[in-house]
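# okay, predicted coordinates and the sequence, questions at the end:
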Amino acid sequence: MFLLLVGCSEEEPNIIDEEETTIEINWRKTHDLDDFIQSFTSNGLIEDTVILQVVIASTDNTGNIEGIIYLQEGSTPLSINISGSASDNNFNKGDEIFLLLTGLFFDAEKQQVFGDNNNTSIEIEQLAERSQNISTDNSIYFDIVTDLSDLNDSYNQKSIKVYGVQFNESLVGQKIAELEESILQDDEGNQIGLRISENSSLSDFEVPYESGNIEGILLVENNAFTIVPDALENLAFTSKRHSLFQAKTFEFNGASIPYQMMLPRNHDSETSYPLVIFLHGAGERGTNNTSQLAYGTQVFNNQKAREEYPAIVIYPQCPPEFMWSRREIDDSGGDRIFSFPVEDNPNEPMGLVIELTKSLIASGDADPNKIYVMGLSMGGIGTLEYLYYAPDLPVAAISIAGGHDSSLVSTYGNDIAIRLYHGSNDGVVPPKYSRDLIEALNELPNEQAEYFEAEGKGHEWNYILNESDSILSWLWSNSK
């Protein structure tokens, strides 16, 4: 046993090897935690007088962090291997304490303190005698992590907040403690593990669909990173999932078009799925193969859509020098007059979208009886252009803030269910072109067309796209 004798002078306390049962301590900080760690670079007995001033960074109130107390001074971490329940001895997260380390053993590699050289844990009662509370409810220092690729060994045992992570979709709804492996990913696919003990009060936590944030202690083990939370509120999953789309390129007859593809949840390569083609507006044209995802993905990537309407969804991107049609505008007289000339074949990007559809059907990926096309603005016009050039492919279509030549509807209007949406105050693509279309469609003997005009709305579409279930339930009600 080490006896610490303290006088009233400013000199360092002396440690005397005596057979005594008490330790008299002059509670004052002798080392910064960082300086202590740098000084004790090898394992062994802490013989010098070492009193740290640290904040308790973890609690065992939920039973998820057992046998360890994590401490910090600023961003520097230290852990203590303990036996007994810290929560039963008033070691509370956020408490600032003086802590006497003299006479204990230090593992420099782990940055962990033990009871003896055999890495025996310290009895919690003994640890309580070696500490004195200074203040409560102190702020914990957290390292903020928004990119998991930034993690390295230096984060070991630190308190961190990880932003923008999500579970694999196949795990949604399962109790996390029952999983063989709990892995989260950021939007770049970098991974981090989540540790929740089956004996913890957190064990009933169900894997959420949403992405979110986690805070806890980060552990680095075998070049893998694992975060250990100590409270339910440390698991905050309230944000939209990262994109489920994958960038691809389709090539045909020497030409190519970029597109994004979303596969169904638990995709089975032996199954043919409904196919939805979404055509973007003029502002999303380009070659980056990302801009086209600006609108509409909320229709398809929410949890209900993924569970109830499994589909392959593709977002092709029109190059900047083209549109989805050959439409022309004359506004020289003050009004915007549209014309929609057609030729024997579609223009290059529309032709590639049609060929991509055929390719997905031929490969068995897409169900030929459930092909759906929809689009907005330039893509709303493009949707009707698609119907004109490939009337045998889709079974249903939605045009939002679009339009087309109403004299052409007999080409496709008897065989395809069509919904038209337009704002009454649309000054970009006047609603006249949807009104003319529905009038012509209604004259066909077997038409299946509906028109919805939103009073007071302009050239906009989110008021429709935010109604995911309404869109998908209608599309899915149509099949060949």
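Cool, got the structure.

# run through the helices of the chain in chain order.
Remark: helices assigned in the chain by DSSP state H are 33-39, 124-129, 297-300, 303-308, 348-362, 378-389, 432-441, 462-465, 468-476.

# what is the third one packed up against?
Yep, that's helix 297-300 we're talking about. helix 468-476 (3 or more CB pairs under 8 Å, 6 or more residues apart in numbering; DSSP states H and E). The C-beta positions use only the backbone N, C-alpha and C, and glycine is treated the same way.

# so which elements touch the helix it packs on?
strand 273-279, helix 297-300, helix 303-308, strand 366-376, strand 396-400.

# measure the spatially closest residue to V353 that is not a sequence neighbour to D335 for me?
Closest residue to V353 apart from its sequence neighbours, by CB to CB, 6 or more residues apart in numbering: P316 at 5.0 Å. According to CB to CB, to the nearest Å, P316 and D335 sit 31 Å apart.

# which one of these two has more residues nearby?
Using other CB atoms under 10 Å as the criterion, P316 and D335 rank with P316 on top: 26 against 9.

# which residues does that one bridge with?
Y259 (DSSP bridges).

# per-residue pLDDT, L3?
Looking at L3, its pLDDT stands at 33.

# which secondary structure element of this protein has the lowest mean pLDDT?
strand 2-5 (a mean of 35; mean pLDDT, DSSP states H and E).

# in this structure Q317 contacts S291, no?
Yes. Shown here, Q317 and S291 form a contact pair, counting by CB atoms under 8 Å, at 6.8 Å.

# shared neighbours, the two?
Any residue near both Q317 and S291 by CB atoms under 8 Å, 6 or more residues apart in numbering counts here, and that gives 280, 284-285.

# looking at these, spot the one nearest F106.
The shortest approach to F106 among the shared contacts of Q317 and S291 belongs to E284, at 58.6 Å (CB to CB).

# can you pull the contacts of the closest one?
291-292, 294-295, 317-318.

# let's see that with 10 Å instead.
Contacts for E284 (CB atoms under 10 Å, 6 or more residues apart in numbering) come out as 290-295, 315, 317-318, 376-379.

# out of those, who has the most neighbours?
Busiest of these [other CB under 10 Å] is G379, holding 33 neighbours.

# for that residue, give me its contacts.
Here G379 is in contact with 277-282, 284, 292, 295-296, 315-316, 318, 323-325, 373, 385-386, 399-402, 461 (criterion: CB under 10 Å, 6+ apart).

# put the buried members of those residues into a ChimeraX selection.
Entered in ChimeraX, the line below selects the buried ones among the contacts of G379, by 16 or more other CB atoms under 10 Å:
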select :277,278,279,280,281,284,292,295,296,315,316,318,323,324,325,373,385,386,399,400,401,402,461
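
# what's the burial count for the residue nearest to P346 when sequence neighbours are not counted?
Counting by CB to CB, 6+ apart, P346 lies nearest to Y389, which is 4.4 Å off, once chain neighbours are set aside. Residues within reach of Y389, counting by other CB under 10 Å, total 20.
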